[in-house]
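Student: Below are the sequence and a predicted model for it; my questions follow.
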Amino acid sequence: MLAKRIIPCLDVSAGRVVKGINFVGLRDAGDPVEIAKRYDEQGADEITFLDITASSDDRDIILHVVEQVADQVFIPLTVGGGVRTVEDVRRLLNAGADKVSINTAAVNNPQVVRDASRKVGSQCIVVAIDAKQTAPGKWEVFTHGGRNNTGLDAIEWAQRVEALGAGEILLTSMDRDGTRIGFDLGLTRAVSDAVRIPVIASGGVGSLEHLAEGVSTGRADAVLAASIFHFGEHTVREAKELMRARGIEVRL
Amino acid sequence: MTTVAIIDYGMGNLRSVAKAIEHVAPGHQVWVTSNPAVVAAADRVVFPGQGAMPDCMRELELRGLRLAVLEAAASRPFLGICIGQQMLFDHSEEGDVPGLGVFAGEVVRFRDEQMIGPDGSRLKVPHMGWNEVRHGGDHPLWEGISDGERFYFVHSYYVAPADPAVIAAETDYGLRFTSAVARANIFAVQFHPEKSAQAGLRLLSNFIHWAP
């Protein structure tokens, strides 16, 4: 059976991993290659890099990061953050990314999803959806870290990007992001049930139980988390052992 | 020194495949090439691929690589990966295009009505992620790899060989499909060994040392 995936997410700024990476024995807590290798050793199924570089002058640095990681870590790599054009997608793939995640640009110009998936294949295109609950059973798509409401219904938007050629959806609850109280399981389930492509749940993980819930109750195909792994509280292996104990198929 | 040619017909990035092979084959020369003469000169040939099969076939023809691929598949250790496996078959449902006909059979899409998991849940397409590869172990490329080991897949189509004797592995996803084929000097897989961590590297290493 296909395993449910666990995906550590690393924020990268100007070529360095930022936000507490706290592994025992790490020489350089900011080195993306060293950290990616560590997650690979722990059994991570994929790794996602989110480029949060503020200065546009430094944007090309992510390409070098991707090259270095892809040359040494042989699991799938997804890269997102600031991806606007098909050319941006192509350059990241050529650097060694397996998938590229498009967020705001997809909202501003949905055609970019279609053009990119036609050019490089749906399997390489992830659309990131940041959603907030606006009424019971209703979520809307936000951009700019949850500040701008696009007015788009999250479920309809997920179905639309699937039709445009997205191969996967990275779904983040902006209500839960950073709270450590667990995924928005209602949102996750509603979107996962509404599309035929895989959905990655994100936002709010504070315990290993939360990861299992994202799959069992939220029906996510994969779960993404950052701080729970970065601060050395838990390893990916521990997460998988707990998921397996809950009857979830994992790669161990 | 052994030389490995990775056939580049302009569809997608071959960097990962090249780096993974370099990783397991230090001292070997790894050439990423679209030159038929270079393919013809290599000791071993890797035929990767991603994207849509009609585009892959068109780009292969445009670069004049068809004969080089057929010649390599007829003579030297040859590894097909993903679309590179699918292109070896007679025909694909994807775009209704003919393939290279090295293996008899069709490339078919996962059917929505079959995409039901053992627990009744709907299975997503593309089939994306780590799934079990049942191989029975009786091929040198599986040496050191457990029967049922997980490899990384990402695809919506799979091969259906006309001759079951070429099936080298099977995987369950809604149905049981062929995830690897083998015949004489040819081995071809639907999954991505270059993205399958230690198991994938072992398979690539086995290919580099394979003497069919």
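Tutor: Happy to help now that I have it.

Student: where do the helices sit along chain B?
Tutor: Chain-ordered helices for chain B, with DSSP state H as the definition, fall at B:15-24, B:36-41, B:53-62, B:66-75, B:83-86, B:197-209.

Student: Is chain A within reach of the longest one?
Tutor: Read it as helix B:197-209. Yes. Against chain A, helix B:197-209 shows contacts by CB under 8 Å from any CB of the partner chain at B:197, B:200-201. C-beta: built from backbone N, CA, C; applies to glycine.

Student: still on that earlier bit, looking at the helices of chain B, which one is packed in the most?
Tutor: The highest mean neighbour count among the helices of chain B, using mean count of other CB atoms under 10 Å in any protein chain shown, belongs to helix B:83-86: a mean of 27.

Student: got the residue ranges for the strands in the stretch 101-250 of chain A?
Tutor: A:125-135, A:138-143, A:148-153, A:168-173, A:199-202, A:222-225 (DSSP state E, counting those that start in this stretch).

Student: Can you add mean neighbour count and give these back as CSV?
Tutor: Shown next, in CSV, are the strands of the stretch 101-250 of chain A (neighbours: other CB atoms under 10 Å in any protein chain shown):
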stretch, mean neighbour count
strand A:125-135, 23
strand A:138-143, 21
strand A:148-153, 14
strand A:168-173, 27
strand A:199-202, 28
strand A:222-225, 25
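
Student: Reformat these as CSV; add distance to chain B and mean pLDDT.
Tutor: Formatted as CSV, the strands of the stretch 101-250 of chain A follow (distance: least, CB to the nearest CB, whole Å; pLDDT from 0 to 100):
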stretch, distance to chain B, mean pLDDT
strand A:125-135, 10, 97
strand A:138-143, 20, 96
strand A:148-153, 21, 96
strand A:168-173, 7, 97
strand A:199-202, 8, 98
strand A:222-225, 7, 96
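
Student: got the residues of the stretch 51-200 of chain A near chain B?
Tutor: A:67, A:70-72, A:74-76, A:93-96, A:98, A:120-124, A:167-168, A:193, A:195-199.

Student: so B:Val170 bridges to which residues?
Tutor: You called it Val, but residue B:170 is Glu. B:Arg134, B:Thr178 (DSSP bridges).

Student: measure the spatially most central residue of chain B to B:Phe151 for me?
Tutor: The centroid of chain B falls nearest to B:Ile81 when counting by CA atoms, centre = their mean (2.1 Å). From B:Ile81 over to B:Phe151 the distance is 11 Å, taken as CB to CB, to the nearest Å.

Student: What of B:Leu79?
Tutor: B:Leu79 is 14 Å from B:Phe151, by CB to CB.

Student: sorry, back to before: quick one: buried ones out of the residues of the stretch 51-200 of chain A next to chain B?
Tutor: A:67, A:70-71, A:74-76, A:93-96, A:98, A:120-124, A:167-168, A:195, A:197-199 (16 or more other CB atoms under 10 Å in any protein chain shown).

Student: Columns mean pLDDT on top of the helices of chain B, output as JSON lines?
Tutor: Shown next, in JSON lines, are the helices of chain B (pLDDT from 0 to 100):
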{"stretch": "helix B:15-24", "mean pLDDT": "93"}
{"stretch": "helix B:36-41", "mean pLDDT": "96"}
{"stretch": "helix B:53-62", "mean pLDDT": "93"}
{"stretch": "helix B:66-75", "mean pLDDT": "97"}
{"stretch": "helix B:83-86", "mean pLDDT": "96"}
{"stretch": "helix B:197-209", "mean pLDDT": "97"}
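
Student: Got the confidence number for residue 211?
Tutor: No chain was given, so I picked chain A. Note on A:Leu211: pLDDT of 97.

Student: hmm, I had chain B in mind actually
Tutor: pLDDT for B:Ala211: 95.

Student: got the end-to-end distance for stretch A:219-227?
Tutor: Distance across stretch A:219-227, first residue to last, is 22 Å (CA to CA, to the nearest Å).

Student: Where do the strands of chain B begin and end?
Tutor: Along chain B, counting by DSSP state E, strands occupy B:3-7, B:29-33, B:44-47, B:78-81, B:89-92, B:97-98, B:103-109, B:127-133, B:149-155, B:157-161, B:167-173, B:175-183, B:186-189.

Student: and A:Gly214, which of those is closest to it?
Tutor: Shortest distance between A:Gly214 and the strands of chain B, using CB to CB, is found for strand B:127-133: 14.8 Å.

Student: so what's the backbone phi/psi at the closest residue to A:Gln72 other than its chain neighbours?
Tutor: Spatial nearest neighbour of A:Gln72, chain neighbours left out: A:Val33 (6.0 Å); criterion: CB to CB, 6 or more residues apart in numbering or on different chains. Dihedral angles of A:Val33 (phi, psi; degrees, to the nearest 10) stand at phi -70, psi -50.

Student: A:Val33 touches A:Val73, doesn't it?
Tutor: Yes. Here A:Val33 reaches A:Val73: they are 7.4 Å apart, a contact under CB atoms under 8 Å.

Student: re earlier: which neighbours do B:Ile81 and B:Phe151 share?
Tutor: B:189, B:192-193 (CB atoms under 8 Å, 6 or more residues apart in numbering or on different chains).

Student: Would you reformat those residues as CSV and include neighbour count?
Tutor: Formatted as CSV, the shared contacts of B:Ile81 and B:Phe151 follow (neighbours: other CB under 10 Å):
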residue, neighbour count
B:Val189, 27
B:His192, 24
B:Pro193, 29
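
Student: Redo those residues as CSV? Include pLDDT.
Tutor: Listed next are the shared contacts of B:Ile81 and B:Phe151 as CSV, based on pLDDT from 0 to 100:
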residue, pLDDT
B:Val189, 98
B:His192, 96
B:Pro193, 97
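
Student: got a list of what the residue lying closest to B:Leu88 once chain neighbours are set aside touches?
Tutor: Of all residues not flanking B:Leu88 in the chain, B:Val102 sits nearest, at 4.2 Å (CB to CB, 6+ apart). By CB under 8 Å, 6+ apart, the contact set of B:Val102 is B:70, B:73, B:88-89, B:186.
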